[in-house]
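*Asks:* Could you look at this predicted model? Sequence included:
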Amino acid sequence: MRFGVEFGSYPADLDPAEVCEQVSLRARVAYQNNFEGLFVAQHYLTGPDAAILQSIPLLAYLAGQVPGMYLGTSIFLLPLHHPVMVAEYISTLDNLSGGKVLFGVGQGYRDNEFNSFGIDKRQRRGRLIEGLEVIRKLWRGKAVTFHGEHFHLDRVMRLPKPVQQPGPPILMGADTVKTVARVPDIADHWIASRRHSKSFLRAALPAYKAALGRQGKPYRGLFIFRDLCIADTTREAEAHIKEGYERRYRRYQQWGQPGERYDLAFDELKRDRLILGSPAEVVEQVMSYHEEFGAEVMWFMVDWPGTDPRLTLETIERFGKEVIPQLKRLAPECPLP
């Protein structure tokens, strides 16, 4: 198995320069303690209570500090962008990182973002599918002509090509069994997010594997995103993050994700979402995802609004030193496609 750390939104009252320093420090601590990837979320117009650093420039900033680590977008809101721009940016990042980009995409859901970009939200799936087709063509470094419903190109070329050929792996978020089964049509891997309970994974994974099989593609394991906190005991870990955890999810509730309720008590919020406890308990919980679902790549949100930054660093360091070596022995890593 391979493991990473996720960077997302932060309280708007924090100094952005301080946040950059914290993110840089957390990335370096992860780098020094057996983590292999950094992932960055994307949203726009998250105020007034939250702010976010945009994923591609932040990953470019981190690339030189953590040579050899995978750099992932988790996720990039592709329908809000022109694919020529995205192909250029991701190819540049892949060259900066020596071929370590994992390009995670999704179609987005926030009305505020689509309205502010002047894009009809009903077109998001079409723009996602066409956008990925254009990006893949441009990454090959040959002249591209494309005429779709949303994008039009006439004999254009993108150089330099990404280091990874035919391009960086494309990961995709999907939230229903039906859409999960469509992922192999347009992407390389499905991202199982924090919204996806174990019961949902049990329902969706057979459909995903069947869709891969119809295309003659092997199942190479699951990419899973979860929350994480480590302490000497479960009770201590809960005491560290309870208030900040509820606060972060109340923010998500304000963003209005369809079909989700986050105005819940901690005990309900954490179910099938939060990896929590002592190092031994965390090993057991992570292994449950590997043994039942074939999880091969897992990355974690580790910071919570109002929580002491030292506790965040402690979780990263303890997972890297006390948990990852055990997991590597129990679940040796497989090559990333």
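*Replies:* Structure received. Source: prediction; values computed, not measured.
*Asks:* and stretch 319-328, average pLDDT?
*Replies:* Averaging pLDDT along stretch 319-328 gives 97.
*Asks:* outside of it, which residues touch it?
*Replies:* With CB atoms under 8 Å, 6 or more residues apart in numbering as the test, stretch 319-328 has contacts from 1, 3, 29-30, 32-35, 228, 230, 279, 282-283, 286-287, 290, 300. Where C-beta positions appear, they are placed from N, C-alpha and C, glycine not excepted.
*Asks:* Among those, which lie within helices?
*Replies:* Using DSSP state H, the subset of those located in helices is 29-30, 32, 279, 282-283, 286-287, 290.
*Asks:* Format these as TSV; extra columns: pLDDT, neighbour count and distance to residue 119.
*Replies:* Shown next, in TSV, are the ones in helices among the contacts of stretch 319-328 (pLDDT from 0 to 100; neighbours: other CB atoms under 10 Å; distance: CB to CB, whole Å):
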residue	pLDDT	neighbour count	distance to residue 119
29	98	18	38
30	98	26	35
32	98	13	41
279	98	16	45
282	98	25	41
283	98	20	44
286	98	26	38
287	97	16	42
290	96	18	39
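*Asks:* Point out where this structure drops to low pLDDT.
*Replies:* Applying pLDDT under 70 to the chain flags residues 335-337.
*Asks:* residues near residue 60, how many?
*Replies:* Residue 60: 15 surrounding residues under other CB atoms under 10 Å.
*Asks:* Begin at 543 from now on, thanks
*Replies:* Renumbered: residue one is now 543, and that last one reads residue 602.
*Asks:* List the contacts of it.
*Replies:* For residue 602, the contact set (CB under 8 Å, 6+ apart) comprises 634-635, 638.
*Asks:* let's go with 10 Å and repeat that
*Replies:* Residues in contact with residue 602 (CB atoms under 10 Å, 6 or more residues apart in numbering) are 613, 631, 634-635, 638-639.
*Asks:* for the helix ranked longest in the chain, which positions count as buried?
*Replies:* For the chain, the helix with the greatest residue count under DSSP H is helix 776-797. Neighbour-count burial for helix 776-797, counted by 16 or more other CB atoms under 10 Å, picks out 779-780, 782-784, 786-791, 793-794, 797.
*Asks:* which of these are the two that sit furthest away from each other?
*Replies:* 779 and 797 (26.1 Å; CB to CB).
*Asks:* residues in contact with residue 681?
*Replies:* 629, 632-633, 636, 645, 700, 703-704, 706-710.
*Asks:* which SS class is the residue nearest the centre of the chain?
*Replies:* Closest to where the C-alpha atoms of the chain average out (CA atoms, centre = their mean) is residue 616, at 2.5 Å. Secondary structure assignment for residue 616 (DSSP: H, G, I helix; E, B strand; the rest coil): strand.
*Asks:* Please apply the same query to the one 10 residues further on.
*Replies:* When classified by three-state DSSP, residue 626 comes out as helix.
*Asks:* about what we covered before: closest one to residue 652 out of the ones in helices among the contacts of stretch 861-870, please.
*Replies:* Nearest to residue 652 among those, with distances taken as CB to CB, is residue 572, at 28.5 Å.
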